[in-house]
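Chemist: Structural data only, the sequence is not supplied:
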């Protein structure tokens with residue numbers, strides 16, 4: 001008996017109502033899919049310009065040393081701040097000037113150089129910037145290497161992507177994303 005009552009009531013439903021309800025359900029489902037696709041597109045855009053910095057050194061020969069930062073990501077890195085942290089003081093700016101401000105050892109006449117890596121610069125993808133380099137002096141290369149690899153020195157680079165996401169690179173802790181609450 002239950003089936004007869006069900007089919008009797010079903011035959012009384014207006015086809016316009018069924019069509020209207022189906023259209024509303026399809027519209028809501030389409031809206032949900034559209035919002036989901038927009039979220040995926042936004043994530044893809046953020047990832048497509050993601051910079052990723054790393055600090056490295058090079059010592060091709062005994063009389064050379066180079067400390068540099070490389071952007072191994074796929075987007076440009078906007079350098080906001082470069083800080084050299086010592087136990088009792090911090091120095092913001094270029095590694096070349098930091099070295100000569102705090103280095104107390106005597107130096108030979110060598111070629112010490114830097115690319116001026118500091119806040120306000122932009123580091124394109126797949127490019128490097130020299131924090132400090134030495135050539136033509138084994139003694140100076142050792143002094144610079146000891147200074148910049150000292151356990152008492154922390155190098156921190158704050159950088160951002162084109163979308164304003166920020167990270168901090170540290171020679172001690174690697175890369176960490178900064179939360180901007």
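Modeler: Good, I have the coordinates. Everything numeric in this text was worked out from a predicted model, so none of it was measured.
Chemist: Could you break this protein into its assigned domains?
Modeler: Using automatic domain parsing, the domain parsing of the chain gives 2-47, 53-178.
Chemist: looking at those, which is buried most?
Modeler: Of all the domains of the chain, domain 53-178 carries the top mean neighbour count, a mean of 17, counting by mean count of other CB atoms under 10 Å. No exception for glycine: its C-beta is placed from N, CA and C like everyone else's.
Chemist: re the thing from before, okay if I get the domains of the chain as a markdown table plus mean pLDDT?
Modeler: A markdown table is the format used below for the domains of the chain (pLDDT from 0 to 100):
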| stretch | mean pLDDT |
| --- | --- |
| domain 2-47 | 83 |
| domain 53-178 | 91 |
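Chemist: And the strands in this structure?
Modeler: For the chain, the strands defined by DSSP state E occupy 53-58, 65-71, 77-85, 90-92, 111-113, 122-123, 128-135, 154-160, 166-170, 174-178.
Chemist: closest to residue 18 out of those?
Modeler: Across the strands of the chain, residue 18 has its closest neighbour in strand 174-178 (50.8 Å, CB to CB).
Chemist: tell me the angle the closest one makes with strand 77-85.
Modeler: With axes from the mean of the first three to the mean of the last three CA atoms, to 10 degrees defining the directions, strand 174-178 sits at 110 degrees from strand 77-85.
Chemist: which neighbours does strand 174-178 have in its sheet, and in what orientation?
Modeler: strand 166-170 (antiparallel) (DSSP bridges).
Chemist: What is the distance between the lengthiest helix in the chain and the centre of its chain?
Modeler: Using DSSP state H, we find that the single longest helix of the chain is helix 15-47. How far helix 15-47 lies from its chain's middle: 33 Å, per CA atoms, centre = their mean, to the nearest Å.
Chemist: if we can go back for a sec, quick one, which of the strands of the chain is nearest to residue 99?
Modeler: Distance to residue 99, taken as CB to CB, is lowest for strand 128-135 among these, at 5.7 Å.
Chemist: if you skip the residues just before and after it, what's nearest to residue 108?
Modeler: Excluding the flanking residues, the one nearest residue 108 by CB to CB, 6 or more residues apart in numbering is residue 137, at 4.8 Å.
Chemist: which phi and psi does that neighbour have?
Modeler: phi -160, psi 110 (degrees, to the nearest 10).
Chemist: Would you mind naming the residues that bridge with the closest residue to residue 51 other than its chain neighbours?
Modeler: Nearest residue to residue 51 in three dimensions, chain neighbours excluded: residue 77, at 3.5 Å (CB to CB, 6+ apart). Beta-bridge partners of residue 77, counted by DSSP bridges, are residue 123.
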